[in-house]
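Colleague: Predicted model follows, preceded by the sequence.
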Amino acid sequence: MALERLDKILASQNIGSRKDVGYMIRKGRVTVNGVVVVKSEQKADVECDAIAVDGREIASSRMIYLMMNKPQGVLSASRDSRAKTVVDLVPQEWQRRGLFPAGRLDKDTVGLLILTNDGEYAHKMLSPKKKVEKIYEAVLDNPIDSEDILAFSVGVKMKDFDALPAKLSVMPHELADENTLPLERQVRVIIHEGKYHQVKRMFMARGKTVQALRRVQIGSLKLDPNLAPGEVRQMGEKEILAVFT
């Protein structure tokens, strides 16, 4: 049982500053397990106690893990003074201090994005040493060939770094749109790292341009097909662990 001051708990859940939540508590707007609390220093268990503000219970877990279907044109960042970020799309009830996108997607790249305030979890997911697969679907300006597939398998060499070996293949027939584009321009890429613009740069090194890019899976965690672009939901315990299986 981990007890913390009530004002600290509420502030950590982005309800307001310590000063703001202290005022709420003193005014009797906060309850713990149905009982009104008027002292900021009162302690509660963030995992077990039912904490509510103005009658609305807060989802007061220390760590939060969210799945988002990232839309095009939104920055994978916690905050930006000039543009909308993925954190801006998160409903207030799931906002947390320290919430950030674990493994950024380019502004024009869409698909599976995990947001969390668990830095250790994100580090483990992103570390090349852990060999967590990140699976992308891409549309190219020109078709791939056997030489491209071989180059990806041994690691594409670029000016500033050599990418780790990756798997490149034509999109499975059941997922491709053969009525619109040649099959060889619709591809699937599996990488184990995530450097800046990596997938696009790997194709550029092979003389091809990515016209559309979508991340569909991390580990064995697949993007929820019911999530529309820009939508987000909490991940279940099995989904949190699925990233590493």
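Modeller: In hand now; what should we look at? Numbers count the residues shown, from 1 in each chain.
Colleague: Kindly list the main-chain dihedrals of the spatially closest residue to residue 29 that is not a sequence neighbour?
Modeller: Excluding its sequence neighbours, the residue lying closest to residue 29 (Cβ to Cβ, 6 or more residues apart in numbering) is residue 54, at 5.3 Å. Just so you know, the C-beta spots here come from the backbone N, C-alpha and C atoms, and that holds for glycine as well. Main-chain torsions, residue 54, degrees, to the nearest 10: phi 50, psi 40.
Colleague: so residue 54 sits right up against residue 31, yeah?
Modeller: No. With contacts counted by Cβ atoms under 8 Å, residue 54 stays clear of residue 31, the gap being 9.3 Å.
Colleague: Provide a list of residue ranges in this structure with pLDDT below threshold.
Modeller: The model of the chain has pLDDT under 70 over residues 1-2, 59-61.
Colleague: still on that earlier bit, more neighbours: which of residue 54 and residue 31?
Modeller: Neighbour count, other Cβ atoms under 10 Å: between residue 54 and residue 31, residue 31 has more, with 17 against 9.
Colleague: wait, doesn't that one sit right on residue 51?
Modeller: Yes. Under the criterion of Cβ under 8 Å, residue 31 makes contact with residue 51 at 7.4 Å.
Colleague: the longest strand in the chain is where?
Modeller: If you go by DSSP state E, the chain has its longest strand at strand 210-218.
Colleague: okay, now residue 202: neighbour count?
Modeller: When neighbours are defined as other Cβ under 10 Å, residue 202 has 24 of them.
Colleague: Now it: closest residue in space, sequence neighbours ignored.
Modeller: Among residues not flanking residue 202 along the chain, residue 156 sits closest, at 4.5 Å (Cβ to Cβ, 6+ apart).
Colleague: before we move on, what about residue 148?
Modeller: residue 206 is the one closest to residue 148 (Cβ to Cβ, 6+ apart), at 5.1 Å.
Colleague: tell me the domain ranges of this protein?
Modeller: 3-57, 65-127+222-242, 133-218 (automatic domain parsing).
Colleague: first to last residue in the longest one, what's the distance?
Modeller: The first residue of domain 133-218 is 6 Å away from its last residue (Cα to Cα, to the nearest Å).
Colleague: now the second one
Modeller: Using Cα to Cα, the end-to-end distance of domain 65-127+222-242 comes to 12 Å.
Colleague: how far is that domain from where the chain is centred?
Modeller: With Cα atoms, centre = their mean, to the nearest Å as the basis, domain 65-127+222-242 stands 3 Å off its chain's centre.
Colleague: again, but for the first one
Modeller: Between the mean C-alpha location of domain 3-57 and the chain-wide mean there is a distance of 28 Å, by Cα atoms, centre = their mean.
Colleague: Verify the stated contact: residue 135 with residue 219.
Modeller: No. If you go by Cβ under 8 Å, residue 135 and residue 219 don't touch, sitting 9.3 Å apart.
Colleague: quick revisit: I'd say the residue nearest to residue 148 and residue 146 touch.
Modeller: No. Judged on Cβ under 8 Å, residue 206 makes no contact with residue 146 at a distance of 12.0 Å.
Colleague: what about the two, which has more around it?
Modeller: residue 206 (17 against 7).
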